[in-house]
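Undergrad: Got a sequence here, can you model it:
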Amino acid sequence: MDYQRIKVMRDNHVVIVSLNRPEKLNAVDMLMFNELIHVSKVLRKDRMLRAVILTGSEGNFSSGLDFKSMMKNKSFAAKLLFKWLPGQSNRAQQVSSNWRKLSVPVIAVIEGYCWGAGMQIALGADFRLCAPNANLSIMESRMGLTSDMAGSIALREIMPKDKAMRISICATELDAETALSLGLVTEVNDEPMVEALALCSQIAQKSPDVTAAMKHMYTRYWTAPAWKLLAYETYSQIRIMLGRNFVRVQQALKNKTAPKFEPRQRHW
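TA: Below is the predicted model:
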């Protein structure tokens, strides 16, 4: 598919998805919503994929929602907020929550502005690697709105409730080091893309089945009752041990060589 608002580049088993509207500081409009949802669904089916990097073009992640363009068409809000069941993700939420459903790690590389909708998208990633010049904010309250793009799921996992509530209500602008101290980002690095690619290389050396199991274990069950986490641990371990990639790891350990993996098992 030819995208207009995002760029998708593949390097072996790593895909880089870039928000690509630099003249608007990569502000999110309806077309970008649709393209991000589409690419995330396509990547979810890719069993050869090992990692995804989310970033923004030309020095900014995203300045947030393009409020002006979204208000021009009243049907946009209805399309974004509609859902069949209350517990499902609507289209506004899918640009964040869909990344959590992938069976591979998703790494957000954040430079410059990461506000509002951009921050919500970044919160859908598993890791947020941040440049020193980054400026981050959960910005929705400035527009008289609440956060409604699923980033709150990640916030409850990575930050204390009082601190998350404070920066959300006040729409606090955070520099990179402050965001790191609060747990909002994983790491501050002078070259976050280089670090992200190095992390992808480390991930590629591990079994894709193990990676998928760990991703879903922590994403689905981090805040679940202990019995559910214990049950999934057992289920995933048995499934891994019955798979071909487990045999390949054991052979590689015996021969002191690097394992050559098969595609990830289906339906993690």
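Undergrad: Quick one: residues contacting the residue lying closest to Lys24 once chain neighbours are set aside.
TA: Excluding its sequence neighbours, the residue lying closest to Lys24 (CB to CB, 6 or more residues apart in numbering) is Asp66, at 6.2 Å. The way it works is simple: take the backbone N, C-alpha and C, and place the C-beta from them, glycine included. When contacts are counted by CB atoms under 8 Å, 6 or more residues apart in numbering, Asp66 touches 24, 27-29.
Undergrad: most surrounded residue in those residues?
TA: Most neighbours among the contacts of Asp66, by other CB atoms under 10 Å: Val28, with 28 neighbours.
Undergrad: Buried ones in stretch 183-194, by neighbour count?
TA: Across stretch 183-194, burial judged by 16 or more other CB atoms under 10 Å covers 184-186, 188-189, 192-193.
Undergrad: mind listing the strands for this structure?
TA: 6-11, 14-19, 51-56, 106-110, 113-115, 127-130, 135-137, 174-175, 187-188 (DSSP state E).
Undergrad: now those strands as CSV including distance to Lys260?
TA: What follows is these, written out as CSV (distance: least, CB to CB, whole Å):
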stretch, distance to Lys260
strand 6-11, 19
strand 14-19, 17
strand 51-56, 18
strand 106-110, 24
strand 113-115, 38
strand 127-130, 26
strand 135-137, 40
strand 174-175, 43
strand 187-188, 30
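Undergrad: Make CSV out of those strands and add mean pLDDT and distance to Pro208.
TA: Converted to CSV, the strands of the chain look like this (pLDDT from 0 to 100; distance: least, CB to CB, whole Å):
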stretch, mean pLDDT, distance to Pro208
strand 6-11, 97, 16
strand 14-19, 98, 13
strand 51-56, 98, 10
strand 106-110, 98, 14
strand 113-115, 98, 29
strand 127-130, 98, 17
strand 135-137, 98, 31
strand 174-175, 98, 34
strand 187-188, 98, 24
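Undergrad: So in the protein, where's the weakest helix or strand by average pLDDT?
TA: When the helices and strands of the chain are scored by mean pLDDT, DSSP states H and E, helix 74-81 comes last with a mean of 80.
Undergrad: neighbouring contacts of it?
TA: 30, 33, 70, 90-92, 148.
Undergrad: The residues you listed in helices, which ones?
TA: Counting by DSSP state H, the part of those found in helices is 30, 33, 70, 91-92.
Undergrad: mind giving me the domain split of this protein?
TA: 6-202, 207-255 (automatic domain parsing).
Undergrad: Please identify the most buried of those.
TA: Comparing the domains of the chain by mean neighbour count (mean count of other CB atoms under 10 Å), domain 6-202 comes out on top with a mean of 19.
Undergrad: now it: how far from the chain's centre is it?
TA: 6 Å (CA atoms, centre = their mean, to the nearest Å).
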